[in-house]
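Peer 1: Structure here, sequence nowhere to be found:
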C-alpha cells in the first residue's frame, strides 16, 4: 500500500496504488463492511430465535435493589403507582413525580413515599416505598426493572428490525463521539478493558445479551473505522476519492503528514477509554447488572 515500496516487476501492476480509485475503495471498504455484516447477522439470528422484545409491567428477576428488593418479587405485576395505571412509561412518570428535599444527587431519598400496588399469585398487594434518585438513569427509581417478553417474527421482519436497531446504534455512536469534549459524554467511552469485562459479566448473566454486546462492538468498530482520517479505513477512502476529484494522484508525503491527525484521534480515544475503564474498576465496576 506504500507507493514508494519496492516490489517485483511481475506483480507491480497488482499493487494497491496502481489500482483504479473504485477498486481501492471496494478493497478498503471490505473490512468495515464485514463488521457491519457480522453485526447484522448476529441481530437477525437473535430476532429470529428470540423474537421482538416488548417491555411488560412485570418485575424482572434481575436488577432488584433496595427498597424494592425487600418487598417485591420477580414476576410481580405492577398494577399502579400512586393510583396511576398504565404501561411502563406511565409507571415511570408516576415514580418521577417524587422529588428529593434539595438538589437531586445520586441516592437521595424522595420526601414522599410511593404507593405501589402489585398483583402476586392473583392477589393485590400494596406497599409504600421511598424512591431514590439514580444519577446514571437521571430519574427517580424504586429499585426494580421491567421484565421483557418476546413476540415471534419472520425472517423479513427480523431483517427490518436488525437494520433499524443498527441505525439507532450508529446515530448514538456518532453523536457520542461528536460530543467527546463534553465531560458527561466522554465518561461513556470504554476501552478494551471495559469492553472485555462487560462482555465477560454479560455472558455469565445472559448469553443472548452477550451476543447483543458483540453486535454493538462489531458495529462500533465499523463506524469508528470509517472516520475520514488515516490510518483508519475511512481515511484511505477519503484520499482515494480526493484523488478522483483532483484528477491525479496525491503525494504520499501529504497523506503521511495528514495521518498524524488520525493517529492522534485514535490515541486520544484509546487514552480516554482506558482512563474511564480504570476509574470504573476502582469504583463500582461496569454496572452490567
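Peer 2: Happy to help now that I have it. Just so we're clear, the structure is a prediction, and the values are computed from it rather than from any experiment.
Peer 1: got a list of what residue 169 touches?
Peer 2: 216, 219-220 (Cβ atoms under 8 Å, 6 or more residues apart in numbering). (Each C-beta comes from the backbone N, C-alpha and C, glycine too.)
Peer 1: Could you rerun that using 10 Å?
Peer 2: 39, 43, 212, 215-216, 219-220, 223 (Cβ atoms under 10 Å, 6 or more residues apart in numbering).
Peer 1: can you list the weak-confidence ranges in the stretch 51-200 of the chain?
Peer 2: Residues of the stretch 51-200 of the chain meeting the criterion pLDDT under 70: 176-200.
Peer 1: mind listing the strands for it?
Peer 2: Assigned by DSSP state E, counting those that start in this stretch, the strands in the stretch 51-200 of the chain fall at 52-59, 77-81, 114-120, 123-129, 132-134, 139-141, 146-151.
Peer 1: got the contact list for the third one?
Peer 2: What it means is strand 114-120. For strand 114-120, contacts defined as Cβ under 10 Å, 6+ apart pick out 57-59, 67-68, 71-73, 75-85, 91, 94-95, 97-98, 124-131, 140, 142, 144.
Peer 1: Ok, which of the strands of the stretch 51-200 of the chain comes nearest residue 233?
Peer 2: strand 52-59 (32.4 Å; Cβ to Cβ).
Peer 1: and the closest one, what does it pack onto?
Peer 2: Secondary-structure packing of strand 52-59 (3 or more Cβ pairs under 10 Å, 6 or more residues apart in numbering; DSSP states H and E): strand 77-81, helix 88-96, strand 114-120, strand 146-151, helix 155-178.
Peer 1: Tell me which of the strands of the stretch 51-200 of the chain lies nearest to residue 248.
Peer 2: strand 52-59 (51.9 Å).
Peer 1: Give the buried residues for that closest one.
Peer 2: 57-59 (16 or more other Cβ atoms under 10 Å).
Peer 1: re earlier: same list, the helices and strands packed on strand 52-59, but as JSON lines with distance to residue 63 please.
Peer 2: Below are the helices and strands packed on strand 52-59 laid out as JSON lines (distance: least, Cβ to Cβ, whole Å):
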{"stretch": "strand 77-81", "distance to residue 63": "14"}
{"stretch": "helix 88-96", "distance to residue 63": "14"}
{"stretch": "strand 114-120", "distance to residue 63": "16"}
{"stretch": "strand 146-151", "distance to residue 63": "10"}
{"stretch": "helix 155-178", "distance to residue 63": "22"}
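Peer 1: between the ones you listed, which one is nearest to residue 231?
Peer 2: helix 155-178 (17.5 Å).
Peer 1: which parts of that closest one are buried?
Peer 2: 158-159, 161-162, 165-166, 169-170, 173, 177.
Peer 1: and residue 234, what element?
Peer 2: Per DSSP states H and E, residue 234 falls inside helix 233-246.
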